[in-house]
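>>> Here is a sequence with its predicted model. Questions after.
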Amino acid sequence: MSAVVVFPVQPGDPPFRVVQIRRDRVGIAHDLFDVLRLAHQAGLEHVDLDDPEDVRWLGGDKFRWTP
């Protein structure tokens, strides 16, 4: 199971994706840097955004940030 789960893009100004780490909702991300920042704040030092063991992308990959 991936430690980080990034949910599908939600409409907003700007659009965002909800981020869950270890089954806890930790915040929202507007881009890849936000995902990494949230992971680091949660104590994850190394997160490979391309490794499904680290990050599970729902509703699109790491490049999907618009609805």
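Cool, got the structure. Residues are numbered from 1 along each chain as shown.
>>> quick one: Phe16 and Trp57, what's the gap?
14 Å (C-beta to C-beta, to the nearest Å). No exception for glycine: its C-beta is placed from N, CA and C like everyone else's.
>>> which residues in this protein form helices?
32-41 (DSSP state H).
>>> where are the low-confidence patches of it?
Along the chain, no part satisfies pLDDT under 70.
>>> List the contacts of the residue with the largest distance to the centre of it.
For the chain, the largest distance from the centre (C-alpha atoms, centre = their mean) belongs to Asp13, which lies 17.9 Å off. Going by C-beta atoms under 8 Å, 6 or more residues apart in numbering, Asp13 touches no other residue.
>>> now it: how far from Thr66?
Relative to Thr66, Asp13 is positioned 12 Å away (C-beta to C-beta).
>>> so what's Gly27 bridging to?
Val19 (DSSP bridges).
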